[in-house]
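In: Predicted coordinates and the sequence they were generated for:
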Amino acid sequence: MIWALLSLLSFALSWAGIWVVARRFSDRLIDVPNQRSSHTQPTPRGGGIAFVAAFLLTAALAAVLVADDSDGAPSLVVGSILVLMPLWAVGAVDDARGLSVRFRYLVQMFAAALAVFLFGSFPGFDALVGQLGAPWLSAALSVIAITALINFYNFMDGLDGLVGGSCAVQLAFFALYLHQPSWWLLVAALVAFLWWNWPPAKIFMGDSGSTVLGGAVALALLGAPDARTMWWAGAVTAPLLGDAVFTLLRRLRRRENILEAHKSHIYQRLNQAGWSHWRVASSYVALTSVIAALVVALS
């Protein structure tokens, strides 16, 4: 019952916060279309400032109100706040005035290292390198993987409703499949955000939202009880990560500068081919939902 009430509060705070950002601060957070953009009209960004704040506030309440149990829910909640808050804060500043890539990556590395310190390495990595007798290797690979997830989710946030909708499904699945109820708070905040972001978007999430979502997915998978469960659960990330990894490998093969902005992601190419934002986002969300259902049926 407490999770339902806190989720409703998260939804309300998120919706109200986004209204404030969109109405009062939009002139300071305008995303002007450029060569990489899939939108044509200047649109305020920074929706993540509000919906992540709603999640962090209700997560803090959960840490106080929810008794410790076999899920270890409060420890996951507290750890999530500690790991995701620096990503959110740096993303918010970057949305407002811009920060160097190097500084942002250093903060991401710090957050990833903190996550591994608090929760350990990815169970799947422990299983892969366990025979080598080098636990440090699993920890190092986990830090690299977490920063990759953070950046891949940021790269994929280029179309109305795409990342927000897909992550709402992913996090709801993690809440159920991995018995991590605290993610319902972020799902509720995301649902409120999607009212504003679903095509045609009235506001974008910005780095303050996309990097936190990548970090949240990483934390959920870190909390998997074993390697098999982690790999099964991770399957729901395939639509977003598959697009990001495929595009990265293709650009590397073509010897393109992977640090330069581009419009060669699969979702961008679909949009260029005539698919509307609604059709592309709906397809990714639907595919994510189908994979989640298959994981439940087959695992």
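Out: Cool, the structure landed.

In: tell me which element the residue nearest to His265 when sequence neighbours are not counted falls in.
Out: Among residues not flanking His265 along the chain, Thr247 sits closest, at 4.9 Å (C-beta to C-beta, 6 or more residues apart in numbering). Just so you know, the C-beta spots here come from the backbone N, C-alpha and C atoms, and that holds for glycine as well. According to DSSP states H and E, Thr247 maps onto helix 238-253.

In: Buried residues, that helix. List them.
Out: Pro239, Leu240, Leu241, Asp243, Ala244, Thr247, Leu248, Arg251 (16 or more other C-beta atoms under 10 Å).

In: per-residue pLDDT, the last one?
Out: Spelled out, it's Arg251. In the prediction, the pLDDT value recorded for Arg251 is 90.

In: these two touch, right, it and His262?
Out: Yes: Arg251 is within contact range of His262, at 7.1 Å (criterion: C-beta atoms under 8 Å).

In: what about Asp157, neighbour count?
Out: Residues within reach of Asp157, counting by other C-beta atoms under 10 Å, total 24.

In: Could you find the closest non-adjacent residue to the residue positioned nearest the centre of the chain?
Out: When C-alpha atoms, centre = their mean is applied to the chain, the residue found nearest the centroid is Leu213 (1.7 Å). Sequence neighbours aside, Cys167 is the residue nearest to Leu213 in space, at 4.7 Å (criterion: C-beta to C-beta, 6+ apart).

In: mind listing what that neighbour touches?
Out: Tyr153, Leu190, Leu213, Ala216, Val217 (C-beta atoms under 8 Å, 6 or more residues apart in numbering).

In: pLDDT, distance to Ala292 and secondary structure added to these, as a markdown table?
Out: As requested, these are arranged in a markdown table below (pLDDT from 0 to 100; distance: C-beta to C-beta, whole Å; DSSP: H, G, I helix; E, B strand; the rest coil):
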| residue | pLDDT | distance to Ala292 | secondary structure |
| --- | --- | --- | --- |
| Tyr153 | 98 | 17 | helix |
| Leu190 | 98 | 15 | helix |
| Leu213 | 99 | 16 | helix |
| Ala216 | 98 | 16 | helix |
| Val217 | 99 | 13 | helix |
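
In: I appreciate the help and will end here.
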